[in-house]
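*Asks:* Sequence first, predicted coordinates after that:
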Amino acid sequence: MSERYDLCVIGSGPAGEKGAAQAAYYGKSVCLIERAPRPGGTAVNSGALPSKTLRETALLFHQLRQRGVTGVDWRVRADASIGDFMRRERTVAETAWQAIDENLARHQVTRIRGTARFLDADTLEVTHPGEAPRRIAAERFLIATGSQPHRPAEIPFDGQIVLDVQEMLDRQAPPARLVVIGGGAAACEFAATFAALGAKVTLVTDRPRLLAQLDADVADAARHELTRRLGIQTASEVAVTAIRVSGNLATVTLGDGRVLHAECVLYAAAREGRIADLDLPAAGIAVTPQGFIQIERTTFRTTNPRVAAAGDVCGLPALASLAMEEARVAVCHAFGLPFKTTVSPVVPTPIWTIPEVATVGLTEEAARHEGIRIERGVAHFRDNPRGQIAGELEGFVKLLFRTDDKRLVGASVMGEGAAELIHIPAAVIGLGGTLDYFIGAVFNYPAMADAFKYAAYDGLQRLARRVSAAMEVRARTTPTGTPMVPPPDRG
């Protein structure tokens, strides 16, 4: 005999929790299945919150050493463990667990502990040790099981020296030498954190540059800071050909012949959907070649129209903030609820390196690929009083705007606080605003956000120089020699 609900959600991470609450708010009967003992998924328990807690401690330690206090010597104890640097992680996690529990209880969501798998297109079986299997039938399903580190067969993971990103946080002590394989956000974040804790870090990627999703000049600036500020060594456009472990030491051989030695190797190059236990073929649900659930990106329906999926289980970008919105929209489409029908295309994306980097909207490369005529405006934190106080002398903000109407299309920030500051240009982009917003706005003084105004001024000056140059060219090429009044600039 099956239990029956309007909606059955699998996974209690950011997408699962918000999707369940959204449906229950509109009066739907909802059950949420979670196999872990605590809610929150990777974001709360083994990913975002734990890694950012560790980074916060590493950042503080690095800043104390960098700024220096006469007569004070800051060092890491030889017997210090990673857990020692994450004392607040337990408090942060417990607060998140309580918030999730209260939210689900407030919406009267039924919670079931166990591992779910599809028996057919509209029925699940849930198993849990020591309990009889339960059958769950529902009008609609939402898969929100998240993602997990991809573990290629050629990488000799051993849980001690060669690790994935989840295992890294469980390591007993920070390594003296660390090789990080990967050039994306997670690889650079872990490299920065452990370098700030004193490890000698080498970052290896087979891509031409680190953080390829960023503007090229922003990515280059971030790489420069990782090297200059933290001493990280980088190796780009080179593959790892072999990893061998002997005793407590790993030897990493690169395709160009270099050999690296380290107490720890972190593989942080890819992720895959957490789908192994779901038996998706039984429900007629297709999977992409990369190991994620195939969905229709507007409604988030899978190849089974009764089943939706949201969050990391659907692929990149792996952002908890985006996963929440995808789940809400997926549920609204599933039941025809008159609330959210689209996910905002304006998604601010943070990268928690040291310093932080954040971006929103188009990069220069993407804008030009789309045929959009753009100009930039840049302001450096070294010229900003708050930036000088904070020691963020290498940071900057960058605005991208269309030359014909000054409409903002993209922005980047590098420097501590970037993940917060990026929401200002994100709001301007979302509202269809122009560079004039920053020119007219009043920002606190001293405040890092004031840099946006000066980036806007810089953009207007660049645009004026462009118009002036165009006028000079036209004046020189007029047959009568009489200057011509140029049409509105389009380039």
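*Replies:* Nice, I can see it.
*Asks:* Output the lowest mean pLDDT helix or strand found in this structure.
*Replies:* One helix or strand of the chain scores below all others by mean pLDDT, DSSP states H and E: helix 48-67, with a mean of 77.
*Asks:* What are the buried residues along that one?
*Replies:* 48-59, 61-63, 65 (16 or more other CB atoms under 10 Å). Where you see a C-beta, it was placed from the backbone N, CA and C, and this is true even at glycine.
*Asks:* same deal with stretch 286-298?
*Replies:* 287, 291-295.
*Asks:* ends of it, how far apart?
*Replies:* Terminal residues of stretch 286-298 are spaced 17 Å apart (CA to CA, to the nearest Å).
*Asks:* longest helix in the chain, by residue count?
*Replies:* Once the chain is assigned using DSSP state H, the helix that runs over the most residues is helix 451-477.
*Asks:* Which strands or helices does it pack on?
*Replies:* Judged by 3 or more CB pairs under 8 Å, 6 or more residues apart in numbering; DSSP states H and E, the packing partners of helix 451-477 are strand 374-380, strand 396-402, helix 436-440.
*Asks:* Need the contact partners of the first one.
*Replies:* Read that as strand 374-380. 362, 364, 367-368, 387, 393, 395-403, 409-410, 435, 451-460, 462-463, 466 (CB atoms under 8 Å, 6 or more residues apart in numbering).
*Asks:* before we move on, back to that, pipe the buried residues of stretch 286-298 into CSV and attach pLDDT, secondary structure and distance to Ala426 per row.
*Replies:* Putting those into CSV (pLDDT from 0 to 100; DSSP: H, G, I helix; E, B strand; the rest coil; distance: CB to CB, whole Å) gives the following:
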residue, pLDDT, secondary structure, distance to Ala426
Val287, 96, strand, 32
Gly291, 91, coil, 30
Phe292, 96, coil, 26
Ile293, 97, strand, 27
Gln294, 97, coil, 29
Ile295, 97, coil, 24
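*Asks:* Including distance to Pro129, could those go into CSV?
*Replies:* Below are the buried residues of stretch 286-298 laid out as CSV (distance: CB to CB, whole Å):
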residue, distance to Pro129
Val287, 27
Gly291, 27
Phe292, 29
Ile293, 27
Gln294, 32
Ile295, 32
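*Asks:* and of the residues you listed, the nearest to Ala320?
*Replies:* For these, the residue nearest Ala320 by CB to CB is Phe292; the value is 16.4 Å.
*Asks:* so what's the closest one up against?
*Replies:* So Phe292 contacts 147, 272-273, 275, 313-315 (CB under 8 Å, 6+ apart).
*Asks:* Can you flag the buried ones in those residues?
*Replies:* Using 16+ other CB under 10 Å, the buried members of those are 147, 272-273, 275, 313-315.
*Asks:* Identify all contacting residues around the helix or strand encompassing Ala250.
*Replies:* Here Ala250 sits within strand 249-254, counting by DSSP states H and E. Residues from elsewhere that reach strand 249-254 (CB under 8 Å, 6+ apart): 161-162, 179, 204, 235, 238-245, 259-265.
*Asks:* how far away is the residue most central in space within the chain from Arg476?
*Replies:* Centroid-nearest residue in the chain: Leu319, 4.9 Å away (criterion: CA atoms, centre = their mean). According to CB to CB, to the nearest Å, Leu319 and Arg476 sit 51 Å apart.
*Asks:* Also Asn103?
*Replies:* In terms of CB to CB, Asn103 sits 67 Å off from Arg476.
*Asks:* same thing with Leu226?
*Replies:* For Leu226, the distance to Arg476 - CB to CB - is 47 Å.
*Asks:* And Lys18, by the same measure?
*Replies:* Taking CB to CB, one finds Lys18 at 61 Å from Arg476.
*Asks:* Tell me which of the two has more neighbours.
*Replies:* Lys18 (24 against 9; other CB atoms under 10 Å).
*Asks:* three-state assignment of the more buried one?
*Replies:* Assigned with DSSP: H, G, I helix; E, B strand; the rest coil, Lys18 falls in the helix class.
*Asks:* pretty sure it contacts Met324?
*Replies:* Yes. The pair Lys18 and Met324 passes the contact test of CB atoms under 8 Å, sitting 4.3 Å apart.
*Asks:* rewinding a little: out of the buried residues of stretch 286-298, which two sit at the greatest distance?
*Replies:* Taking CB to CB as the measure, the buried residues of stretch 286-298 have their most distant pair in Gly291 and Ile295, spaced 13.7 Å apart.
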